[in-house]
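Engineer: okay, predicted coordinates and the sequence, questions at the end:
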Amino acid sequence: MKKHLTITEASKILGISRACVRNAIIKRELDAVQFNKKERFYLKAESIEEYKQKLSVVENAITTKEYSDQVGVTLQTVRNWIKSKKVNSMFHRGRYWIIL
């Protein structure tokens, strides 16, 4: 794995939006560096792994992304199922979790 990742790369690894990653940077939950004032922020890879562990504290539940991959449907389909209560879910730390 690379030493530093972009916000977009981090959001894909974590399964959260880029806005959530930026908020985590602002709250200092993620370590980010800016090599010069004109460049974008880069996140330290080890910081992303630590944050990922914090996000996955919910027991007996998986993220909507993990669920969509397992079931073989799109994320939007999973979101629709959550909205219509076809799957058992909960909202925790700014994201939905599918309860197993």
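Structural biologist: Here it is on my side, so go on.

Engineer: was I right to think Leu100 contacts Ile62?
Structural biologist: Yes: using C-beta atoms under 8 Å, Leu100 is in contact with Ile62, at 6.6 Å. (Each C-beta comes from the backbone N, C-alpha and C, glycine too.)

Engineer: quickly list the domain ranges of this protein.
Structural biologist: According to automatic domain parsing, the chain comprises the domains 4-55, 61-99.

Engineer: mind jotting down where the strands sit in the protein?
Structural biologist: Shown for the chain, the strands assigned by DSSP state E span residues 4-5, 32-33, 42-44, 61-63, 89-92, 95-99.

Engineer: by mean pLDDT, which helix or strand of the chain comes out lowest?
Structural biologist: The weakest-scoring helix or strand in the chain, judged by mean pLDDT, DSSP states H and E, is helix 45-55 (a mean of 82).

Engineer: so can I have a markdown table of the domains of the chain showing mean neighbour count?
Structural biologist: Below are the domains of the chain laid out as a markdown table (neighbours: other C-beta atoms under 10 Å):
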| stretch | mean neighbour count |
| --- | --- |
| domain 4-55 | 16 |
| domain 61-99 | 15 |
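
Engineer: those: lowest mean pLDDT?
Structural biologist: Lowest mean pLDDT within the domains of the chain: domain 4-55, at a mean of 85.

Engineer: ends of that one, what's the gap?
Structural biologist: 20 Å (C-alpha to C-alpha, to the nearest Å).

Engineer: quick one: it to chain centroid distance?
Structural biologist: 10 Å (C-alpha atoms, centre = their mean, to the nearest Å).

Engineer: ok so, going back, make CSV out of the strands of the chain and add distance to Thr77.
Structural biologist: Below are the strands of the chain laid out as CSV (distance: least, C-beta to C-beta, whole Å):
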stretch, distance to Thr77
strand 4-5, 28
strand 32-33, 33
strand 42-44, 30
strand 61-63, 15
strand 89-92, 13
strand 95-99, 12
